[in-house]
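J.: Could you work out the structure for the sequence below:
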Amino acid sequence: MKKTINYIFWPALAGLIFALTVMFLSRFSELYSGMTNANAESDQQESLSIPLSFNSAIEKVMPAVVTINLQQVLADSDGSSNLDNSISGIINRQYGSFDENNSLGSGVIISEDGYVITSYHIFFSPETGVLNFPETITATLDDGRTVNARPLLYDEASDLALLKIDTPNISYIEPSTTSNMQVGDFVVAIGNPRNIGLSASLGIVSAIHRSDDSYLIQTDAAINPGYSGGALIDAQGNLIGINSNILSESGGSEGLGFATHSSMISLLLNYYYQSGPGGYLGVNGSELFTRNEGLLLYGQLVEGAKVSSLVEDGPAEQAGIEVGDIITGFNQKKFGALITEDDLFEAIAGISNLGAGEVVEIEVYRKRNFLRIPVTLGVGEPFILFSVQ
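T.: Sure, this is the predicted structure:
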């Protein structure tokens with residue numbers, strides 16, 4: 001009997017242990033497989049967080065990037081400023097020598113009011129290092145429109161310049177206020193290289209430099225001639241910098257590009273706001289019209305500023321002032337005793353002394369009638385060369 005029990009018990013016990021072992025291994029295999037799949041999904045999600053295309057970021061910014069053209073006369077001077085202590089001091093100056101220069105750069109519209117940020121160094125002569133006040137500055141928008149741009153402020157230390165365009169229906173992008181970028185982050189540079197049209201180049205943040213109060217982003221994104229003043233954006237399309245210059249022996253991009261950090265844009269704009277810009281009428285050209293001319297041509301006491309041209313979409317044009325009108329006064333005060341061009345300049349300057357956004361009543365003489373036209377003044381142009389540092 002005992003032998004029979006042993007014969008049955010031990011095989012049964014061995015079978016039970018084998019079954020339990022198989023069951024345990026099966027459950028362990030499922031658990032291990034689940035852990036492996038979870039880790040694989042985690043790795044896959046992490047890899048998917050790196051964008052395979054920057055199309056959406058570029059589409060967000062591209063309409064706000066403009067092409068800057070300016071025509072200036074290059075003046076010889078022995079008093080060229082020392083640019084070595086500023087960002088502009090490392091600009092590649094491989095240009096020809098001409099009496100007249102048509103410079104090309106890029107810019108970024110940073111507000112719905114038409115403020116445009118660009119590079120300071122496109123405004124000075126590479127031969128002398130002297131700033132030249134251009135006779136004409138235009139901005140070509142993404143939709144093909146070309147509009148006049150007015151310089152407001154220049155800042156040599158940060159290699160930035162602030163311009164203003166007065167035109168409706170514009171796209172803009174505000175500068176980023178965060179500064180959490182790190183070396184290795186993806187960036188995209190946008191500009192108009194060599195006037196072939198707006199384009200984009202991809203790179204990473206190579207280094208971040210601080211020089212005194214200047215804040216530079218170094219990148220290996222291709223920044224070619226014409227990119228100056230264009231946008232440097234992150235992978236989400238945030239404006240983190242303005243393309244400044246390159247270090248290059250060949251004159252082309254060699255992976256050593258620099259951009260001014262967006263925080264400097266805010267400093268420049270805030271300074272301009274605090275400086276209290278004057279009012280801007282938008283009469284691009286005028287000539288003295290004397291009392292004697294008024295008596296001779298119209299038999300009336302008419303004197304003032306005869307409008308020869310208007311800024312397109314400027315405050316005066318939008319209000320209804322026309323070329324050929326004679327501005328005879330404002331706010332119910334007539335101009336008087338205008339004998340020289342200096343007298344006319346002082347009279348018109350009285351309008352500029354009014355604040356931007358104020359409504360001024362302009363009196364004009366048109367077709368033998370005096371008209372009073374209310375004009376909301378735009379933002380004036382102090383034309384100040386300075387450094388916010």
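
J.: list the contacts for I110?
T.: 64, 116-117, 172-175, 239, 265, 269 (CB atoms under 8 Å, 6 or more residues apart in numbering). Any C-beta I mention is one placed from the backbone N, CA and C, and that applies to glycine too.

J.: now, which of those sits nearest V283?
T.: Using CB to CB, V116 comes nearest to V283 of the contacts of I110, at 21.3 Å.

J.: check which helix or strand covers that closest one.
T.: strand 115-118 (DSSP states H and E).

J.: average pLDDT across that strand?
T.: Mean pLDDT, computed over strand 115-118, is 94.

J.: about what we covered before: looking at the contacts of I110, which one is closest to S158?
T.: Using CB to CB, the contacts of I110 come closest to S158 at I265, 8.5 Å.

J.: excluding its backbone neighbours, what's nearest that closest one?
T.: P175 (4.3 Å; CB to CB, 6 or more residues apart in numbering).

J.: Quick check: which helices or strands does the helix or strand hosting V187 pack against?
T.: Using DSSP H and E, V187 maps to strand 186-191. Packing partners of strand 186-191 (3 or more CB pairs under 8 Å, 6 or more residues apart in numbering; DSSP states H and E): helix 55-61, strand 100-109, strand 199-211, strand 214-219, strand 231-234, strand 239-246.

J.: Show me the contact partners of it.
T.: 51, 54, 57-58, 61-62, 65, 105-106, 181, 198-205, 217, 219, 221-224, 226-235, 240-241, 243, 257, 259.

J.: What of stretch 362-378?
T.: 164, 166, 279-282, 294, 298, 300, 302, 304, 307, 314-316, 319-322, 324-330, 332, 334, 351, 354-361.

J.: So which of the residues you listed belong to strands?
T.: Counting by DSSP state E, those place 164, 279-280, 304, 307, 326-330, 334, 359-361 in strands.

J.: how far does stretch 113-120 stretch from start to finish?
T.: 21 Å (CA to CA, to the nearest Å).

J.: What residues of it count as buried?
T.: 114-120 (16 or more other CB atoms under 10 Å).

J.: Tabulate the residues you listed (JSON lines), appending distance to Y365.
T.: Shown next, in JSON lines, are the buried residues of stretch 113-120 (distance: CB to CB, whole Å):
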{"residue": "G114", "distance to Y365": "31"}
{"residue": "Y115", "distance to Y365": "35"}
{"residue": "V116", "distance to Y365": "35"}
{"residue": "I117", "distance to Y365": "40"}
{"residue": "T118", "distance to Y365": "39"}
{"residue": "S119", "distance to Y365": "44"}
{"residue": "Y120", "distance to Y365": "42"}
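
J.: hmm, back to that, ok, the strand holding V187: who's next to it in the sheet?
T.: strand 199-211 (antiparallel), strand 231-234 (antiparallel) (DSSP bridges).

J.: pLDDT averaged over it - what is it?
T.: Per-residue scores along strand 186-191 average to 92.

J.: swap in stretch 234-249?
T.: Mean predicted lDDT for stretch 234-249 stands at 81.

J.: which residues of the chain fall in helices?
T.: In the chain, helices defined by DSSP state H lie at 2-48, 55-61, 262-274, 291-298, 315-319, 341-352, listed in chain order.

J.: and the residue lying closest to N331 once chain neighbours are set aside, how far is that from L269?
T.: Leaving out its chain neighbours, the residue that sits closest to N331 by CB to CB, 6+ apart is E361, at 5.4 Å. E361 is 31 Å from L269, where distance means CB to CB, to the nearest Å.

J.: before we move on, back to that, list the contacts of the residue nearest to I265.
T.: Counting by CB under 8 Å, 6+ apart, the residues that P175 touches are 110, 117, 239, 262-263, 265-266.

J.: Quick check: ChimeraX command selecting the buried ones in those residues.
T.: Listed next is the ChimeraX selection for buried residues among those, using 16+ other CB under 10 Å:
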select :110,117,239,262,263,265
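
J.: neighbours around the closest residue to G304 other than its chain neighbours, how many?
T.: Excluding the flanking residues, the one nearest G304 by CB to CB, 6+ apart is T328, at 4.0 Å. Using other CB atoms under 10 Å, the number of residues around T328 comes to 24.

J.: Hmm, T328 is touching K306, no?
T.: No: counting by CB atoms under 8 Å, T328 stays clear of K306, with 10.2 Å between them.

J.: Show me the shaky parts of the stretch 251-389 of the chain.
T.: 251-255, 275-278, 342, 349, 352-353, 380-389 (pLDDT under 70).

J.: Kindly recompute the last result at 90.
T.: 251-258, 260-301, 303-305, 308-316, 329-358, 368, 376-389 (pLDDT under 90).

J.: any idea how far L338 is from Y365?
T.: 13 Å.

J.: Name the residues contacting each of these two.
T.: Common neighbours of L338 and Y365 (CB under 8 Å, 6+ apart) are G304.

J.: Of those two, give the one with the bigger neighbour count.
T.: The neighbour count for L338 versus Y365, taken as other CB under 10 Å, is higher for Y365 (22 against 19).

J.: Tell me the bridge partners for the more buried one.
T.: Under the criterion used here (DSSP bridges), Y365 is bridged to I326, F370.

J.: ok so, going back, the more surrounded of E361 and L269?
T.: Under the criterion of other CB under 10 Å, the comparison of E361 against L269 puts L269 first, with 20 against 13.

J.: residue contacts, that one?
T.: 110, 115, 162.

J.: Then I58?
T.: Taking CB under 8 Å, 6+ apart as the test, what I58 contacts is 188, 190, 200, 233, 237.

J.: Show the buried residues in the contacts of stretch 362-378.
T.: Buried, going by 16+ other CB under 10 Å: 164, 166, 279-282, 294, 302, 304, 307, 314-316, 319, 321, 325-330, 351, 354, 356, 360, out of the contacts of stretch 362-378.
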